[in-house]
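Chemist: Give me the fold of what follows.
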Amino acid sequence: MSQARNPYEIHDYPSRRPTGVGPWTLAFALFGGTIAWTVHLIAGYSVANYMCGDAVAVWILHGLTVVALTVVALAFLTALRVVRHATRLPKGERTPEEDRDQFLASGGLLLAGLGFMAITFGEVAVVVAGCTP
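Modeler: Below you'll find the model as predicted:
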């Protein structure tokens, strides 16, 4: 009589090493764009609120935007790399870790795109309206 496999047990893939990406890489791919957007929003509001009379305030806001967009782009590229790494094998041959990575990194792609749009729209407001508290 054969013993039924428990679907919740850890699968044994002796011919392959563990294939999931590291937890910090996956966390950055998923949350990097959103955290950059949040920091940009809070820092930009603080600069506009406390330094709006200074001529340098607009340049600080532009600098914040460049830094935030760079972080968002890095998060997007990291998520894209994780998705490509996780989907290099057909669906039936992937490990559960690769499926998990692919799912979470796909969400990271969407969140990074949303963060990019939000930061860009904030920069458009700075360019059009200037520094207004």
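Chemist: Now the nearest residue to residue 80 once chain neighbours are set aside: which helix or strand?
Modeler: Sequence neighbours aside, residue 109 is the residue nearest to residue 80 in space, at 6.5 Å (criterion: C-beta to C-beta, 6 or more residues apart in numbering). For every residue, glycine as well, the C-beta is placed using N, CA and C. Under the criterion of DSSP states H and E, residue 109 resides in helix 96-129.
Chemist: What residues sit buried inside that helix?
Modeler: 97-98, 101-102, 104-106, 108-109, 111-112, 115-116, 118-119, 122-123, 126 (16 or more other C-beta atoms under 10 Å).
Chemist: Can you tell me how far the residue nearest to residue 80 is from residue 57?
Modeler: Distance, residue 109 to residue 57, by C-beta to C-beta, to the nearest Å: 33 Å.
Chemist: again, but for residue 94
Modeler: In terms of C-beta to C-beta, residue 94 sits 50 Å off from residue 57.
Chemist: Those two: who's more crowded?
Modeler: Neighbour tally, residue 94 and residue 57, criterion other C-beta atoms under 10 Å: the higher count belongs to residue 57, 20 against 17.
Chemist: And the pLDDT at the more buried one?
Modeler: Each residue has a pLDDT score; the one for residue 57 is 85.
Chemist: do the same with the one 5 residues further on
Modeler: At residue 62 the predicted local distance difference test score is 91.
Chemist: doesn't residue 126 make contact with it?
Modeler: Yes. In terms of C-beta atoms under 8 Å, residue 62 counts as a neighbour of residue 126; the distance is 7.2 Å.
Chemist: so where do the helices sit in the protein?
Modeler: Under the criterion DSSP state H, the chain contains helices at 23-50, 56-86, 96-129.
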